[in-house]
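**Q** here is a sequence with its predicted model. Questions after.
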Amino acid sequence: MMNLCIDQGNSRVKVALFKEDGRLVKSFIYKSFISSDVEKLFSLYPIEESIVSSVVNIEPSVVNALHRLSKRFVLFDHHTPIPIVNDYETPHTLGLDRLAAAVGAAALCPGEDILIIDAGSAITYDVLTRDGHYHGGNIAPGIKVRLTSLHRLSKKLPAVEVDENVLIPLIGKNTHDAIAAGVVRGVAFEVKGYIRALQADEKKGERLEVYLTGGNAPFILNHVKEPMHYEKNLVLIGLNTILQYKQP
């Protein structure tokens, strides 16, 4: 039997199927996810339990289909039991994707201090300590947001796109490269700064595990030479861990 995990973000929907032992067997990306997609997945795979997390309003028809077809269905929210302690001061405002990523990192690397970096539309930096406490984190504009803002909020700066497979120069010698380097290299220095600041924090000790996820993670991997774990399905792993969690 399988678990179905659905992570609905701002621009796409990530879906994964897990075996009962926690092994991820298939993953999919949808531009939109509707009830007929739910029906198709259940017709193709032996799904027993399901969970969905969304940062936007989810279609009621999707929730109804999951309720009807699953032996057990979880609509992940801030009241759902999780295997870590959430110390965020305003838990109802915390993005569920951030919380699920923290659960996923804790499952992959238990008993360690962890910095979770999710590089998407926004870049989030979240801290989990070795005692299983989620302490919170920071939110910064993502790469595309920074590039778009420079163009839209200035009169002369051009629109610039960057390729994750191309190494950005440290110093730009033309306006296009100056913008690309300012944004991508700026993000790289930001990431390095967080890693080094947390490593230097005596409360964190000398060891800090870094987990990286999100659609713009390749930019960080190409420009930050710091030890880190790249896990593109970190949020989905966290959702499956939450689905399997049996509250003591």
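**A** Arrived safely. Numbers count the residues shown, from 1 in each chain.
**Q** which SS class is the closest residue to residue 222 other than its chain neighbours?
**A** Leaving aside its chain neighbours, residue 222 sits nearest to residue 167 (6.1 Å; criterion: Cβ to Cβ, 6 or more residues apart in numbering). (Glycine included, C-beta is placed from N, CA and C.) Three-state call for residue 167 (DSSP: H, G, I helix; E, B strand; the rest coil): coil.
**Q** for residue 53, same thing?
**A** Recorded secondary structure, residue 53: strand (three-state DSSP).
**Q** numbering from 14 from now on, please.
**A** In the new numbering, first residue 14, that becomes residue 66.
**Q** the residue nearest to residue 235 contacts residue 238, doesn't it?
**A** No: judged on Cβ atoms under 8 Å, residue 180 makes no contact with residue 238 at a distance of 11.9 Å.
**Q** find the centremost residue of the protein, please.
**A** When Cα atoms, centre = their mean is applied to the chain, the residue found nearest the centroid is residue 131 (4.6 Å).
**Q** now for it: which residues touch it?
**A** When contacts are counted by Cβ atoms under 8 Å, 6 or more residues apart in numbering, residue 131 touches 110-111, 114, 137, 139, 226-227, 247-248.
**Q** now the buried members of the residues you listed.
**A** When neighbours are counted using 16 or more other Cβ atoms under 10 Å, the contacts of residue 131 contain these buried positions: 110-111, 114, 137, 139, 226-227, 247-248.
**Q** quick one: residue 117 and residue 32, what's the gap?
**A** Distance, residue 117 to residue 32, by Cβ to Cβ, to the nearest Å: 16 Å.
**Q** the two: who's more crowded?
**A** Legend: neighbour count by other Cβ atoms under 10 Å for residue 117 and residue 32, higher for residue 117 (24 against 12).
**Q** for that one, helix, strand, or coil?
**A** helix.
**Q** hang on, it packs against residue 254?
**A** Yes: counting by Cβ under 8 Å, residue 117 touches residue 254, with 6.3 Å between them.
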